[in-house]
Every structure is written in C-alpha cells, then in structure tokens.
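K.L.:
Sequence first, predicted model second:
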Protein chains: 2
Amino acid sequence: MDHVDKILAQWQQQRPDLNVAPMGTLGRLKRLNHVLMRAMEKTWAHYGLNESSFDVLATLRREGAPYALSPSDLMASTMVTSGTMTHRLQQLEKAGLIERVKNPDDGRGFLISLSGKGFALIDEAVAAHTETQARLVNGLSDKQRSQLDDLLKRLLAGLE
Amino acid sequence: MDHVDKILAQWQQQRPDLNVAPMGTLGRLKRLNHVLMRAMEKTWAHYGLNESSFDVLATLRREGAPYALSPSDLMASTMVTSGTMTHRLQQLEKAGLIERVKNPDDGRGFLISLSGKGFALIDEAVAAHTETQARLVNGLSDKQRSQLDDLLKRLLAGLE
DNA sequence: TCGATTTACCTTGATATCAAGTTATCCGGG
DNA sequence: CCCGGATAACTTGATATCAAGGTAAATCGA
C-alpha cells in the first residue's frame, strides 16, 4: 500500500466507474522519475552541473572524437527547443566547458565542442553518475532490472 | 535498437569501463515519462487545464466530500513547494474552479475547496484522462502492465 | 541562375518552478 | 501567562523552459 495505491483507492471509492489500473502504473512512473531525478541531481551538483549541463556535455562526450555536434544535433538528442539550447550553450560557454566555432561547411550553423576542461569534467562526472545510477536500481535484482528494461522499451516503442 | 540503445552503444565504445545497464533503464524511464506527459497534456488542454491545475483539482476531487484540503496538504500530495502552490491556487481561484476560506480552527491557514464549476470540470476531465491513460498503456498486455507496475513499485519502495 | 522554400540559430515574452526570506499564528514549557 | 520555537502560507528574486517570431544562409526547382 504505497502512496499511489492510496490514490487509486480514493478514486475507486469516489469514481468506481473509472478504470484506474493504468493510472497506477503511470503514476508510479512519474513519481519514480521525480525521485530519481532528485537523487541524480546531487551527483551532478557535486561537479557544479545540473541535469541540463550534464546532458549537453555527456552528449558531446559519448559522441567520441572530436567531441563536437551542431546545436541542432544537440537539440534533437536532448529533446529541448532551440531557445533552450541557445541558453544552455551560453552558460556552458561562459563556464569554459564548451567551445563554439562557425561551421566551415554551413554559414548558418556552428559546431559545439568540448573544451579540455569540459572533457575532463564530464569524464569524471559520468563515472560518478553511473555509480549513482547503479545504487538507485539496487532495489531490483539484475534479472528484475532487465525485465523492467524490457517492459519500458516495449511501451516506449509503441509511443515514439 | 531504440534511441536509448544507441546511447548505451556510444558509451560502451567510449567508456568501456562504465557499467551502463542502469543508465539504459533509467534513461527509458525518463524518456517514457516525457512522452507520456506530452500525450496527457493534450487531454488536459481540451478542458482548459494543464498538468498543474489538473493535479490540484484531481487531488481535491478524489478526497471526497466536502472536497477540501489545506494548501499544505495539497503541497504534500503534489510534491511542490509552497510558492508554487500559492501560484497555482491563485490561477485556479481566478478561474473560479476553487474557493478559499479561512480555516476556522487555525488562523494561519486556509481551506481550499472545489467550486461547483471546478467539480463538474474535473469530473469530466478525469474520465477523459483515464481513457487517455488506458490508450497509452495499450502497447502492453494486462499481464505485462501489471508486471511493470510491480517492478516500479518495488523500485520506488526502496527509494522513498 | 534566380526566386521561393527550407533550415539553423537567436531573440523575445510569457510562464512555472524553486529556494530563501517574511509575517502571522499556534503550541508547549516554564 | 508569556516567551521561544514551530508551522502556514505568501513574497521575492533567480532560473529554466517553451512557443512564436525574426534573420541569415543554404538548397531546390524551373
């Protein structure tokens, strides 16, 4: 009987006509996401980062050498709008974690790359981050985690 | 090989020392949450609501008669700060969906209750919402959805 | 080759949120 | 009874985000 179960019981009482089973699942998903984000933010903060900045730096890092992408590529990878990405890149540039050069092949665009400092920082931060994540899924066995993975993937596949 | 798998493959290539399996699970959870929210927002918008306002009205509605809670109770239920709740309640009051009365038993506090209009609106909106949610979990069988439910619950239990 | 369309990115304006600080009220120990 | 600490809710200031609009450059069709 967790928090979500109590909500479902209330609805059952008030509106027995509703099918609330999906609400339970989606409610837990939302709540879990919230709790997980809160936990992961602590790790990011330890490196002076937040979800946004970590997201951008990690996207550049995992791309491999020369660790560079256009703002448009970053927008697509991180699912944010152009205004948001502009803002994020300004912050990161000011912090000296990325560098911005005009794209020689396209006068409209830029290439954003990791600075040396940005590379060093994200390489450390991502290691700590994966450790945090491992701790967060500790409540499940490997098999259960893998099962969860499969169900999430299946659900996501039908929606994207 | 979905979007998340590609990310994991990139990390595997770049940082084979990292254990990225948890990242896959948590990444899908985040992405799924994002996609689901987007979808549910459409239903809410159909009733002139958004996640925030729906959240408050639904919390009051499922509470049962007399459909009233203090701002503090609402804060606890919806996991937002006091400033945020103040703002939400202002909007809802302006829209005539809630009413605010001083708590007779506590001079510091208020009681927020659904107006007739608010009750009628949320009662319709929540029915549409549960239908949307049922559609969103269509990609899973009942058994799979229930399995997912169980795993999310287990994971959540270890963290809250 | 040239005009129309598309694309890349930035800018603007509005909104939602949070953290921290504030004020009024309540409550419990002396 | 009163005073100090706790609590309820609002206010303030900062920030992140989005949607919509703008500008410059690229591309495509005739």
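P.N.:
The structure has been received and is ready for your questions.

K.L.:
counting contacts, what elements does the one helix or strand A:Gln90 maps to pack onto?
P.N.:
Using DSSP states H and E, A:Gln90 maps to helix A:82-94. If you count contacts as 3 or more Cβ pairs under 8 Å, 6 or more residues apart in numbering or on different chains; DSSP states H and E, helix A:82-94 packs onto helix A:51-62, helix A:71-78, strand A:98-102. Placement of C-beta: from N, CA and C, glycine included.

K.L.:
out of the ones you listed, nearest to A:Lys6?
P.N.:
Closest of the helices and strands packed on helix A:82-94 to A:Lys6 is helix A:51-62, at 29.1 Å (criterion: Cβ to Cβ).

K.L.:
coming back round to it: deepest of the helices and strands packed on helix A:82-94, which one?
P.N.:
Greatest average neighbour count among the helices and strands packed on helix A:82-94 goes to helix A:51-62 (a mean of 21), per mean count of other Cβ atoms under 10 Å in any protein chain shown.

K.L.:
Does A:Leu111 lie in a helix or a strand, and which?
P.N.:
Using DSSP H and E, A:Leu111 falls in strand A:110-114.

K.L.:
how's chain A carved up into domains?
P.N.:
A:1-46, A:48-129 (automatic domain parsing).

K.L.:
circling back: can you pull the buried residues of the helix holding A:Gln90?
P.N.:
A:85, A:88-89, A:92 (16 or more other Cβ atoms under 10 Å in any protein chain shown).

K.L.:
cool, and stretch A:118-126?
P.N.:
A:118-119, A:121-122, A:125-126.

K.L.:
wait, which of those residues is closest to DNA strand C?
P.N.:
Taking Cβ to the nearest atom of the strand as the measure, DNA strand C lies nearest A:Gly118 of those, at 16.8 Å.

K.L.:
Just the element for the closest one, please.
P.N.:
helix A:116-136.

K.L.:
Just the CA atoms from that helix would do, formatted as PDB, please.
P.N.:
Listed next in PDB are the C-alpha coordinates belonging to helix A:116-136 (Å, rounded to 0.1, in the frame of the first residue of the first chain):
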ATOM      1  CA  GLY A 116      39.700  20.400 -22.400                       C
ATOM      2  CA  LYS A 117      38.200  21.400 -19.200                       C
ATOM      3  CA  GLY A 118      34.800  20.300 -20.300                       C
ATOM      4  CA  PHE A 119      36.200  16.900 -21.300                       C
ATOM      5  CA  ALA A 120      37.900  16.300 -18.000                       C
ATOM      6  CA  LEU A 121      34.900  17.400 -16.000                       C
ATOM      7  CA  ILE A 122      32.400  15.200 -17.800                       C
ATOM      8  CA  ASP A 123      34.600  12.200 -17.800                       C
ATOM      9  CA  GLU A 124      34.800  12.400 -14.100                       C
ATOM     10  CA  ALA A 125      31.100  13.300 -13.600                       C
ATOM     11  CA  VAL A 126      29.800  10.500 -15.800                       C
ATOM     12  CA  ALA A 127      31.700   7.900 -13.800                       C
ATOM     13  CA  ALA A 128      30.200   9.200 -10.600                       C
ATOM     14  CA  HIS A 129      26.800   9.400 -12.300                       C
ATOM     15  CA  THR A 130      26.800   5.700 -13.400                       C
ATOM     16  CA  GLU A 131      27.700   4.700  -9.900                       C
ATOM     17  CA  THR A 132      24.800   6.700  -8.500                       C
ATOM     18  CA  GLN A 133      22.500   5.100 -11.100                       C
ATOM     19  CA  ALA A 134      23.700   1.600 -10.100                       C
ATOM     20  CA  ARG A 135      22.900   2.500  -6.500                       C
ATOM     21  CA  LEU A 136      19.500   3.700  -7.400                       C
END
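
K.L.:
ok, A:Ser70 touching A:Arg108?
P.N.:
No: with contact defined as Cβ atoms under 8 Å, A:Ser70 does not reach A:Arg108; the gap is 9.8 Å.

K.L.:
higher neighbour count, these two?
P.N.:
Neighbour comparison, A:Ser70 and A:Arg108: the larger count goes to A:Ser70, with 15 against 8 (by other Cβ atoms under 10 Å in any protein chain shown).

K.L.:
circling back: and the helix holding A:Gln90, C-alpha only, in PDB?
P.N.:
Extracted in PDB, the C-alpha atoms of helix A:82-94 (Å, rounded to 0.1, in the frame of the first residue of the first chain):
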ATOM      1  CA  SER A  82      16.100  25.900 -29.900                       C
ATOM      2  CA  GLY A  83      15.700  28.700 -27.400                       C
ATOM      3  CA  THR A  84      16.500  26.400 -24.500                       C
ATOM      4  CA  MET A  85      19.600  25.100 -26.300                       C
ATOM      5  CA  THR A  86      20.800  28.600 -27.000                       C
ATOM      6  CA  HIS A  87      20.500  29.400 -23.300                       C
ATOM      7  CA  ARG A  88      22.300  26.200 -22.200                       C
ATOM      8  CA  LEU A  89      25.200  26.700 -24.600                       C
ATOM      9  CA  GLN A  90      25.600  30.300 -23.400                       C
ATOM     10  CA  GLN A  91      26.000  29.000 -19.800                       C
ATOM     11  CA  LEU A  92      28.400  26.300 -20.800                       C
ATOM     12  CA  GLU A  93      30.500  28.600 -22.900                       C
ATOM     13  CA  LYS A  94      30.700  31.100 -20.100                       C
END
